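Enquirer: I would like the atomic coordinates for the input below:
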Amino acid sequence: MVSLQLTVPSTHTLLELESSGEIHAPPITGSIAIAVPSPNVDASIVIENDPKITIRLIRSVTPRAHDLVIPSNNQSKSHGWFFKRKQKHRPTTNRIYPTVEPGDETLVQCDLWHSLDEVDSEGIENEVWRRFNFCIPIPNNVPASADTILGNVSYAITATATFSTPSSSRILRDKQAIRIMRRVISEPIQYVRQYPGERVSTGLCLTPNQQQQQGFPERTKVAFSSQWVAHSTIAQGPRPTEVKYIVAKELKWRVEETVKYITISTDSGLPRSAITTTCKEQHVRQLCDGSRKGHWIASGELHAGDHSIEVPFDISIPLEAQAADGFSLSSYLCQHQPKACEFAPRETTAITVDHHLRLEVITGEDTFDQKSGKLVDRKPRVKSFIAVFPLFVRDFVRGGDITLSEFRAGDTLPRYEDPYPIPPNYATAR
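Expert: Numbering: from 1, shown residues only. Okay, the predicted model is just below:
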């Protein structure tokens, strides 16, 4: 009996440099073994009449049908939560039902035209294994495999072998799941914010903290060492001999995750701007929060020294929050430019995940006499600086920790060496 066996790695890793957008996407390698009964093993006979073999990379977006209950404090678009007394957030409750049929999409299809790479007659008696190695590319913008509150994104490799004779044909199929992983080289991320009518500008630096993440892998999904900075915090006071200092009194933050289940409608030949999306369902939830209180003030003077305030703080998303890696709508779009790809389906489904850091810094104001240095006035609460920043939740890795073995797609690689039947005669070359 003829049988088909597909062999591919269980995981495949893509490496991304977030600052430049450069992505290393090695191809997926694997092999197909076809077992053919052969009472009398004869390699010359086995090699004849190779089947037509097709390899596909399939992406499945599987939504979950459930009743979604979102706490009222997460639905509000207002930033008033900063000024409310900290309350305990009840976890979102969901009643999960059996999943519906996934939306499958063929990302890559390759037909194998080369002859078989290996004939193995050892093992089971009266059986010959015909092995075909393959190597298929992978789009570098595909989202990682993910399991979210609204569904999951998964991948599989399928193999189809068609045996044809003048009188009949036979088709064999096999399918293997493969997990796509994206690893991002950690780099500091800088943000700057300006406020209308305000001389003060602020900045935020987020640096993935691998030491904390690796130190508590069973408790931490991702961690950041962060620093909020305010510039131009010193100004002339109400009197010529006085100077005003802005003082950071309290810093509050929270991290939110937004998951969307959407449909993408395309039409081949039209510009990308003609692509339409429809959000079928959305879920927003809080992953973590925190705060710091203190008295942070610039060390300089009115016309000299440092006029900046720096407030360090740490962000840690716990593993129990079950945060998914972030990916956007662009991860689902064909990379053909500038029009929509003619091979793309007219309508497909997608799941996107975004994370944001909501940050508020409450400031006061201290007024000093420039000559004596004495405090002449203090206002504990003057202004509140509120901003929202994109937060990239990824599988971060330091550049020095990357090893070649992480990007080996498999142990079976295509063989390209073809021995010369007759060595070339260099003596006759002129």
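Enquirer: for residue 172, give me its contacts.
Expert: Contacts for residue 172 (C-beta atoms under 8 Å, 6 or more residues apart in numbering) come out as 2, 3, 4, 34, 160, 161, 163. Glycine gets a C-beta too; all of them are placed from N, C-alpha and C.
Enquirer: can you say which of these are buried?
Expert: 4, 34, 160, 161, 163 (16 or more other C-beta atoms under 10 Å).
Enquirer: out of these, the closest to residue 258 would be?
Expert: Distance to residue 258 across the buried ones among the contacts of residue 172 (C-beta to C-beta) is lowest for residue 160, with 38.6 Å.
Enquirer: report the buried residues of the host helix or strand of the closest one.
Expert: According to DSSP states H and E, residue 160 maps onto strand 151-164. Going by neighbour count (16+ other C-beta under 10 Å), the buried part of strand 151-164 is 151, 152, 153, 154, 155, 156, 157, 158, 159, 160, 161, 163.
Enquirer: what does stretch 172-179 give?
Expert: Applying 16+ other C-beta under 10 Å to stretch 172-179 flags 172, 174, 176, 178 as buried.
Enquirer: let me have the contacts of residue 172 in CSV, extended by pLDDT and distance to residue 306.
Expert: Shown next, in CSV, are the contacts of residue 172 (pLDDT from 0 to 100; distance: C-beta to C-beta, whole Å):
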residue, pLDDT, distance to residue 306
2, 71, 77
3, 82, 74
4, 86, 70
34, 84, 72
160, 92, 67
161, 88, 71
163, 79, 77
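Enquirer: flag the helix or strand of the chain with the lowest per-element mean pLDDT.
Expert: Least confident element among the helices and strands of the chain, by mean pLDDT, DSSP states H and E: strand 94-96 (a mean of 36).
Enquirer: pretty sure residue 144 contacts residue 184?
Expert: No: using C-beta atoms under 8 Å, residue 144 is not in contact with residue 184, being 10.3 Å away.
Enquirer: burial count for residue 24?
Expert: Counted with other C-beta atoms under 10 Å, residues neighbouring residue 24 total 14.
Enquirer: my guess is residue 314 meets residue 209, correct?
Expert: Yes: counting by C-beta under 8 Å, residue 314 touches residue 209, with 7.1 Å between them.
Enquirer: what sits in contact with each of these two?
Expert: Common neighbours of residue 314 and residue 209 are listed as 223, 224, 225 (criterion: C-beta under 8 Å, 6+ apart).
Enquirer: just send the contacts of residue 172 back as TSV, with distance to residue 357 too.
Expert: Shown next, in TSV, are the contacts of residue 172 (distance: C-beta to C-beta, whole Å):
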residue	distance to residue 357
2	57
3	53
4	49
34	53
160	47
161	51
163	57
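Enquirer: coming back round to it: with distance to residue 205 added, can I get the buried ones among the contacts of residue 172 in a markdown table?
Expert: Formatted as a markdown table, the buried ones among the contacts of residue 172 follow (distance: C-beta to C-beta, whole Å):
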| residue | distance to residue 205 |
| --- | --- |
| 4 | 54 |
| 34 | 56 |
| 160 | 51 |
| 161 | 54 |
| 163 | 61 |
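Enquirer: show me which of those is closest to residue 361.
Expert: If you rank these by distance to residue 361 using C-beta to C-beta, residue 160 comes first, at 59.0 Å.
Enquirer: can you tell me the element the residue nearest to the closest one when sequence neighbours are not counted falls in?
Expert: Nearest non-adjacent residue to residue 160, counting by C-beta to C-beta, 6 or more residues apart in numbering: residue 54, 4.6 Å away. Secondary structure from DSSP H and E places residue 54 in strand 52-63.
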